[in-house]
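1. Fold the following, please.
(chains A and B)
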Protein chains: 2
Amino acid sequence: MVNYPNARKLTVANDKISASQRGMNLEQELNLSNQYYLAHDKAIIHKKPTPVNIVRVSYPERKAAKITEAYYRTPSTTDYNGIYRGKYIDFEAKETRKLVFPSINIPSHQINHLEAVNKHGGIAFVIIAFSTINEVYLVDASYIIEAFKVSMRKSLRYQEIKDNGQLVKSGYNPRLDYLTVVDALYF
Amino acid sequence: MVNYPNARKLTVANDKISASQRGMNLEQELNLSNQYYLAHDKAIIHKKPTPVNIVRVSYPERKAAKITEAYYRTPSTTDYNGIYRGKYIDFEAKETRKLVFPSINIPSHQINHLEAVNKHGGIAFVIIAFSTINEVYLVDASYIIEAFKVSMRKSLRYQEIKDNGQLVKSGYNPRLDYLTVVDALYF
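-> Residues are numbered from 1 along each chain as shown, chains lettered A, B, ... in the order given. Take a look at the predicted model:
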């Protein structure tokens, strides 16, 4: 049983907190964008459910099963995948409040997963949101793999991500038009 | 809050029951097969986690977060997806104890999802296991869509699935070599 990193706990908690309470977060903006893409038949991309180990389930009065004991589990892959323009697409999305992106935000098995996706001919990247300055970047997986797996960097500075990634524009709908960046970068 | 269909409750419960206790089930066999494919760098296919709505989380003694109230949620997509030979692959897997496959086993939103995957150029199918006779079939999504969405059939008989699907061979490793069927059918 692996403890869940703090960053993810926050994201999960947000599932139950309405957007008005604390402003939009990256996950919500990506989910809305993916809903937009789906509704416009542009892409089929979904966030995977948060993985939990279910230990105990009760069936009160034969109603809906109630899970009474469960624990967060480390995801074995990235959070998002799907199909776009006939290609397999796979990415992880992370938020940071500082102007630095620490390597611990992307566990090594996620890096390995992105590397494998690349090798199999899929499109793989990481979306990094600097929440304090409201800027979101799409960074190709190969850059992240090189930094965190090959060069063993402990973190990437904002300026490096700005220079090596692509700014994702925010809008009304889609909230985060990251497929426009994908178009430019991979097609 | 939608109640979880019984078929899925069983599958979830099995996460916590060792294989020796009740014999292998379809989900476990597919997971082992996918692990084999991954280890042999043949495909990257994962089962999505079971989606749950987390209502209450406690943090006993600052240890791992403990989920104390949660409910099963209806999945918005199919359970399995990934990349194989550069193509996006997406499928649902279902077990039936009778020699008939009822349409309620595949909710309409999953049918729509498979249809969308087809339209976007992905490979989409359903794996159906007849557990009492130990036979597993891979059925192309278009056949399922035609039967359950277009013709509004209530069920498909074993013989129909046998005639219109492909038998998936069981073995030691991989347990269910469904990619061999995919090779023959889609490549």
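2. so what's residue A:47 up against?
-> Contacts for residue A:47 were tallied using Cβ atoms under 8 Å, 6 or more residues apart in numbering or on different chains; they are A:27, A:30-31, A:34, A:79-80. Just so you know, the C-beta spots here come from the backbone N, C-alpha and C atoms, and that holds for glycine as well.
3. er, residue A:169 actually
-> A:176-177, A:180.
4. now the helices: where do they sit in chain A?
-> Using DSSP state H, the helices found in chain A span residues A:6-14, A:19-22, A:26-39, A:108-119, A:141-145, A:158-164, A:178-186.
5. The fourth one vs helix B:26-39, what angle?
-> Helix A:108-119 and helix B:26-39 are oriented at 70 degrees to each other (axes from the mean of the first three to the mean of the last three Cα atoms, to 10 degrees).
6. Give me the residues contacting helix A:108-119.
-> Residues contacting helix A:108-119 (Cβ under 8 Å, 6+ apart): A:74-78, A:88, A:90-92, A:123-126, A:141-142, A:144-145, A:148-149, B:38, B:41, B:44, B:83.
7. if you set the cut-off to 7 Å instead, what comes out?
-> The contact list for helix A:108-119 (Cβ atoms under 7 Å, 6 or more residues apart in numbering or on different chains) reads A:76-78, A:90, A:92, A:124, A:141-142, A:144-145, A:148-149, B:44, B:83.
8. Format the residues you listed as JSON lines; extra columns: pLDDT, neighbour count and distance to residue A:133.
-> Listed next are the contacts of helix A:108-119 as JSON lines, based on pLDDT from 0 to 100; neighbours: other Cβ atoms under 10 Å in any protein chain shown; distance: Cβ to Cβ, whole Å:
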{"residue": "A:76", "pLDDT": "86", "neighbour count": "15", "distance to residue A:133": "32"}
{"residue": "A:77", "pLDDT": "95", "neighbour count": "22", "distance to residue A:133": "29"}
{"residue": "A:78", "pLDDT": "97", "neighbour count": "23", "distance to residue A:133": "24"}
{"residue": "A:90", "pLDDT": "98", "neighbour count": "27", "distance to residue A:133": "27"}
{"residue": "A:92", "pLDDT": "98", "neighbour count": "24", "distance to residue A:133": "20"}
{"residue": "A:124", "pLDDT": "98", "neighbour count": "26", "distance to residue A:133": "26"}
{"residue": "A:141", "pLDDT": "98", "neighbour count": "24", "distance to residue A:133": "24"}
{"residue": "A:142", "pLDDT": "98", "neighbour count": "14", "distance to residue A:133": "25"}
{"residue": "A:144", "pLDDT": "98", "neighbour count": "27", "distance to residue A:133": "20"}
{"residue": "A:145", "pLDDT": "98", "neighbour count": "19", "distance to residue A:133": "26"}
{"residue": "A:148", "pLDDT": "98", "neighbour count": "24", "distance to residue A:133": "22"}
{"residue": "A:149", "pLDDT": "97", "neighbour count": "16", "distance to residue A:133": "27"}
{"residue": "B:44", "pLDDT": "98", "neighbour count": "23", "distance to residue A:133": "34"}
{"residue": "B:83", "pLDDT": "98", "neighbour count": "26", "distance to residue A:133": "34"}
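9. Out of those residues, list just those in strands.
-> Counting by DSSP state E, the contacts of helix A:108-119 place A:90, A:92, A:124, B:44, B:83 in strands.
10. burial count for the closest residue to the last one other than its chain neighbours?
-> Closest residue to residue B:83 in three dimensions, ignoring its sequence neighbours and counting by Cβ to Cβ, 6 or more residues apart in numbering or on different chains: residue A:88, at 4.1 Å. The number of residues packed around residue A:88, counting by other Cβ atoms under 10 Å in any protein chain shown, is 25.
11. so what's residue A:88 bridging to?
-> Taking DSSP bridges as the rule, residue A:88 bridges to residue A:83.
12. Look up how far residue A:133 lies from it.
-> 32 Å (Cβ to Cβ, to the nearest Å).
13. Might you enumerate the residues of chain A proximal to chain B?
-> Proximity of chain A to chain B, by Cβ under 7 Å from any Cβ of the partner chain, involves residues A:1, A:3-4, A:9, A:12, A:15-16, A:44, A:46, A:48-52, A:54-55, A:64-72, A:76-77, A:81, A:83, A:86, A:88, A:116-117, A:120-122.
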